[in-house]
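[1] just need the structure, nothing else, for what follows:
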Amino acid sequence: MTIYYVDSNVSDTYPYSATPDFTTYNHLTFETIGGSDLVYKTIADINVCSFNPGDQILFRKGRVWREQLKITSSGSEDNPIIFGSYGVGDNPTINGANIITSWIEYSTNIWQSTLTTEPSQIYFNLMGLRGREVPFREGGDESCPHS
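    Below you'll find the model as predicted:
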């Protein structure tokens with residue numbers, strides 16, 4: 001059984017790699033020296049790892065990952081692979097959605113942003129008439145009550 005720690009605050013020494021970013025991590029102090037724990041920075045690192053029954057993958061509390069977790073290893077009924085958390089604070093957040101913050105005004109009341117990846121889904125929350133939330137749907141003008 002091996003315990004793997006994931007902490008978005010450490011340096012990504014080996015990006016997208018099954019090699020831990022540090023093998024001297026201390027999960028009690030969150031320092032990357034002075035310990036003997038294995039730590040990864042990103043979920044992309046975890047996604048390329050192979051785990052064994054009984055292994056634990058623990059995410060640091062109070063941290064956010066904007067990535068998708070893809071579990072490719074299997075435990076057994078008597079010896080599962082455990083995903084959990086460590087530390088103090090709010091539970092870790094794993095959210096595959098990217099937040100777009102680099103908006104520029106294209107034209108009057110029309111904004112645009114450059115994306116680094118092609119989205120498979122777009123969610124847009126707009127407070128509609130009478131204060132109700134109107135989710136974005138494909139389909140053009142008929143999906144928007146403000147057209």
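[2] OK, contacts around Ser17?
    Contact criterion CB atoms under 8 Å, 6 or more residues apart in numbering gives Asp45, Val48 as the residues in contact with Ser17. (Glycine included, C-beta is placed from N, CA and C.)
[3] SS state for it?
    For Ser17, the secondary-structure state derived from DSSP: H, G, I helix; E, B strand; the rest coil is coil.
[4] I'd guessed Ser36 sits against Thr23; true?
    Yes: between Ser36 and Thr23 there is a contact under CB atoms under 8 Å: 7.3 Å.
[5] out of the two, which sits in the more crowded spot?
    In terms of neighbours (other CB atoms under 10 Å), Thr23 is the more surrounded of Ser36 and Thr23; the figures are 12 against 9.
[6] with adjacent residues omitted, what lies nearest to the more buried one?
    Nearest residue to Thr23 in three dimensions, chain neighbours excluded: Leu38, at 5.7 Å (CB to CB, 6 or more residues apart in numbering).
[7] who are the packing partners of the helix or strand hosting that neighbour?
    Under the criterion DSSP states H and E, the helix or strand holding Leu38 is strand 37-40. Using 3 or more CB pairs under 8 Å, 6 or more residues apart in numbering; DSSP states H and E as the contact definition, the elements that strand 37-40 packs against are strand 3-6, strand 22-25.
[8] 10 Å instead?
    strand 3-6, strand 22-25, strand 56-60 (3 or more CB pairs under 10 Å, 6 or more residues apart in numbering; DSSP states H and E).
[9] now the first one: buried residues?
    Read that as strand 3-6. Residues of strand 3-6 classed as buried: Tyr4, Tyr5, Val6 (neighbour count, 16 or more other CB atoms under 10 Å).
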